[in-house]
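# Give the three-dimensional model of this entry:
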Amino acid sequence: MRNFQLPPTLVQLIAEQRVIPFIGAGFSAALELPQWEALLRELTEEIQRGSAPDETVSYEEVRDACNNDYLQMAEYLFLRAGETIGPLRHALDSALKATLPPVTSTAHVELVNLAASQVYTTNFDDLIEETYRVLGRPVSLIAVARDVAVADPERTHVVKYHGDPRHEHTLVLTESQYYTRLEFESPMDLKLRADLLGRSVLFIGYSFSDINIRVIWFKLMQTMKQVPEKDRLPSYIVRLRSNPVLERLYEAVGLTTIVIDPDGNATDKESETRCLADFMLSLSMAVERYTRQSLPSRMFVSNGLLDAIDDELDTTDPSRGGARSRPRRAALPDEGSIQPVPASTALVELLANLTSREIPAPLQSRCESIVDTIASKVAVYSAAFLAGDVASWILTQSDGSQGATLMVCAAMARSFTRDAVFASDVPWEKVWATKLSPSEARYLLDLFNLEVKGHQGDEPYEDYDVAYLADIAKRIANGSLIEHEEEIEASAETLLGELAEIYPSVGSYAPTEGKPEPLTITAEIDDRIIALEEVEAEDDGGEDVAEHEEGDQP
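Numbers count the residues shown, from 1 in each chain. Here you go, the predicted model:
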């Protein structure tokens, strides 16, 4: 995560659904849509396609002649197109087709996760409303006056503030169209004024120099003059880098700047896009923490959340210690063995958030891969809830998961992690339907071997860990938990035979398709422990008598 600060008031207002996100062109960068400059360059080429060489003007010439004023450049292109919006709209349609599914954009998914009742945008693309649709969230698109009148109040309103290409007359693209909108009396303007009462605005994806923000905010503040300043909620603008002069100007009109790359680490488009993704993810997680529960509608996994988990897994330090209920017994000898390490606090928080979210179909495969990585890297004893919650989460949203099965099996090796898994809503039939890899099976047999050895002495471990690992070893031996591997299956049989010499019921025990319940084995463990305690008590009693008699002698 980046080193930025989230205003606590903003988090609170979002949790109370009192914030209107206002989305600009920079918001869609992850989906490779063009920014204004690139869009105008494409429009310039499209409008002049087929023109005679002496009638063609380069983009650079148009830009320089208009002093880099995008609205004036668009006005020129409008004139070149015969003062009709049709050719421009056609060019827009071509330029605004995203090559990636909208749910692959962290910013768009996390915007949905904020559960705002209204979202405004000056963008012409349909990515925001499409994200809502793909995720199955009810949404109403508002682009014309009739839309305002018939919009369902139970749905999120996505307001196309500068129009939609499907309705040519709504587009605010050129300089003259923009000046007409300055009257601030269109149905969209009236709706914004009404929506703003009692709410805050969060501008995202705009540049400091963007005239949209300056004009919109100036007009809004004029209409809000009748509302006492103390009764106006703070509003915010998200910026990549700091600009103290403009920040002071915005502050004077009630806009607080949130700088999301204060250290200046983002030096290219990819890292800038990651900054925005980190901000949106941090915001949704902060809101969830504030409410101490999920937002009004179920949240969705984003690529940004998976990126954050990946980063944390990559930086996990194997030398870190972790709180344990007793010394770790497993000391895995083979270089190729799985050697999990304790989960960091950051990873625990990220996974807790992950398990509260639904998986969008395009991210299903990546989520399963993340769970496999967690299972092979993270020791479940360092955060008992991890195995049960993460395994249940992925299994309820998939047909099966190798990582989830490994997590559950590893958790069964320790009493407190086993209790946590058994308390979770684990779909056991999916756990046992998945085949483990040879290295995963060997890891579990290593744990079983250490437990077996712990029961072969005169002072056996006083718990049931070996019984539950025997259940897993049975599944490995009979080939139901692993693809046929003769050597591994034979190792499982050998260990089960050694344990059966101590607890005979191991030989006849048969695993079920549901939650493991090796009751016959645990009963024999109890009987053995009780018998040893009785022998120990008799020995202690005899020693006490001997000491007493010895003390009575003169």
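
# the helices in the stretch 251-400 of the chain, which residues?
269-291, 303-314, 345-354, 364-377, 385-396 (DSSP state H, counting those that start in this stretch).

# Give me the buried positions along the third one.
With burial defined by 16 or more other Cβ atoms under 10 Å, the residues of helix 345-354 counted as buried are 347-348, 350-354. Bear in mind the C-beta positions are built from the backbone N, C-alpha and C, glycine included.

# got the helices of the stretch 251-400 of the chain as TSV, with distance to Leu43 columns?
As requested, the helices of the stretch 251-400 of the chain are exported to TSV (distance: least, Cβ to Cβ, whole Å):
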stretch	distance to Leu43
helix 269-291	21
helix 303-314	30
helix 345-354	41
helix 364-377	36
helix 385-396	45
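
# ranking the ones you listed by burial, who's on top?
Sort these by mean neighbour count, taking mean count of other Cβ atoms under 10 Å, and helix 385-396 sits at the top with a mean of 24.

# what's next to the following helix or strand past that one, contact-wise?
The C-terminal neighbour of helix 385-396 among helices and strands, as given by DSSP states H and E, is helix 402-411. For helix 402-411, contacts defined as Cβ atoms under 8 Å, 6 or more residues apart in numbering pick out 340, 368, 371-376, 380, 384, 386-388, 390-391, 394-395, 417-418, 420-421, 426, 430-432, 434-437, 440, 443-444, 447, 472, 481.

# Now find how far off-centre helix 402-411 is within its chain.
Centroid separation for helix 402-411 versus its chain: 21 Å, with Cα atoms, centre = their mean, to the nearest Å.

# got the CA positions of it in CSV?
Provided in CSV are the C-alpha atoms of helix 402-411 (Å, rounded to 0.1, in the frame of the first residue of the first chain):
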residue,chain,number,x,y,z
GLN,A,402,-6.0,-27.8,-4.0
GLY,A,403,-4.9,-25.0,-1.7
ALA,A,404,-8.0,-25.1,0.4
THR,A,405,-7.7,-28.9,0.8
LEU,A,406,-4.1,-28.5,1.9
MET,A,407,-5.1,-25.7,4.4
VAL,A,408,-7.8,-27.8,6.0
CYS,A,409,-5.6,-30.9,6.2
ALA,A,410,-2.7,-28.9,7.7
ALA,A,411,-5.1,-27.3,10.2
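
# can you state the direction angle for that helix and helix 385-396?
If you take axes from the mean of the first three to the mean of the last three Cα atoms, to 10 degrees, helix 402-411 sits at 140 degrees to helix 385-396.

# returning to that earlier point: which of the buried residues of helix 345-354 sits closest to Ala145?
Among the buried residues of helix 345-354, Asn353 lies closest to Ala145 (Cβ to Cβ), at 40.7 Å.

# The one helix or strand Tyr236 maps to - contacts with which helices or strands?
Using DSSP H and E, Tyr236 maps to strand 235-239. Counting contacts by 3 or more Cβ pairs under 8 Å, 6 or more residues apart in numbering; DSSP states H and E, strand 235-239 is packed against strand 200-204, strand 255-259.

# Point out the most buried one among those strands.
strand 200-204 (a mean of 23).

# Please list the outside residues in contact with that strand.
10, 13-14, 18-24, 26-27, 107, 213, 217, 220, 233-238, 255, 276.

# Next step: those residues restricted to helices.
10, 13-14, 107, 213, 217, 220, 276 (DSSP state H).

# Among those, which has the minimum pLDDT value?
Least confident entry in the ones in helices among the contacts of strand 200-204, by pLDDT: Ile213, with 70.

# ok, now which ones touch it?
24, 203, 206, 237.

# mind running it again at 10 Å?
Counting by Cβ atoms under 10 Å, 6 or more residues apart in numbering, Ile213 makes contact with 22, 24, 122, 201, 203, 206-207, 237, 250, 255.

# burial count for the closest residue to Leu220 other than its chain neighbours?
Leaving aside its chain neighbours, Leu220 sits nearest to Leu196 (6.3 Å; criterion: Cβ to Cβ, 6 or more residues apart in numbering). When neighbours are defined as other Cβ atoms under 10 Å, Leu196 has 20 of them.

# Then Leu71?
18.

# what's the answer for Glu75, then?
19.

# Skipping its backbone neighbours, what lies nearest Arg414 in space?
Per Cβ to Cβ, 6+ apart, closest to Arg414 is Tyr381, 5.3 Å.

# Does anything pack onto the host helix or strand of His90? Which helices or strands?
According to DSSP H and E, His90 maps onto helix 86-95. Applying 3 or more Cβ pairs under 10 Å, 6 or more residues apart in numbering; DSSP states H and E, one finds that helix 86-95 contacts helix 36-47, helix 70-80.

# Dump that helix to PDB, keeping only the CA atoms.
As requested, the backbone C-alpha atoms of helix 86-95 are provided in PDB (Å, rounded to 0.1, in the frame of the first residue of the first chain):
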ATOM      1  CA  GLY A  86     -22.100  12.100 -36.000                       C
ATOM      2  CA  PRO A  87     -18.500  11.700 -37.200                       C
ATOM      3  CA  LEU A  88     -17.100  12.600 -33.800                       C
ATOM      4  CA  ARG A  89     -19.400  10.200 -32.100                       C
ATOM      5  CA  HIS A  90     -18.300   7.400 -34.500                       C
ATOM      6  CA  ALA A  91     -14.700   8.100 -33.700                       C
ATOM      7  CA  LEU A  92     -15.600   8.200 -29.900                       C
ATOM      8  CA  ASP A  93     -17.300   4.800 -30.200                       C
ATOM      9  CA  SER A  94     -14.200   3.300 -31.700                       C
ATOM     10  CA  ALA A  95     -11.800   4.900 -29.300                       C
END
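
# chain center to it: distance?
35 Å.

# now it and helix 70-80, what's the angle there?
120 degrees.

# buried sites along helix 86-95?
Result for helix 86-95 [16+ other Cβ under 10 Å]: buried residues 87-89, 91-92, 95.

# before we move on, what about stretch 76-83?
76-78, 80-81.

# Repeat that for stretch 413-420.
413-414, 417-418, 420.

# if we can go back for a sec, farthest pair within the contacts of Ile213?
It's Thr122 and Tyr250 that sit farthest apart of the contacts of Ile213, by Cβ to Cβ, at 17.5 Å.

# Show the end-to-end separation of stretch 470-488, please.
With Cα to Cα, to the nearest Å as the measure, stretch 470-488 spans 14 Å from end to end.

# State the distance from the residue nearest the centre of the chain to Ala98.
With distances taken as Cα atoms, centre = their mean, Leu305 lies nearest the centre of the chain, 3.0 Å away. According to Cβ to Cβ, to the nearest Å, Leu305 stands 21 Å off from Ala98.

# ok so, going back, between the strand holding Tyr236 and helix 269-291, how many degrees?
Using the same axes, to 10 degrees: strand 235-239 against helix 269-291 is 150 degrees.

# what about strand 235-239, average pLDDT?
93.

# now it: how far from the chain's centre is it?
23 Å.

# And stretch 245-262, by the same measure?
Using Cα atoms, centre = their mean, the offset of stretch 245-262 from its chain centre is 28 Å.

# Tell me the buried residues in it?
For stretch 245-262, by 16+ other Cβ under 10 Å, it's 246-247, 250, 254-261.

# Check stretch 437-450 too.
437, 440-450.

# tell me, how many neighbours does the closest residue to Leu276 other than its chain neighbours end up with?
Excluding the flanking residues, the one nearest Leu276 by Cβ to Cβ, 6+ apart is Ala107, at 5.4 Å. Number of residues near Ala107 (other Cβ under 10 Å) recorded here: 28.
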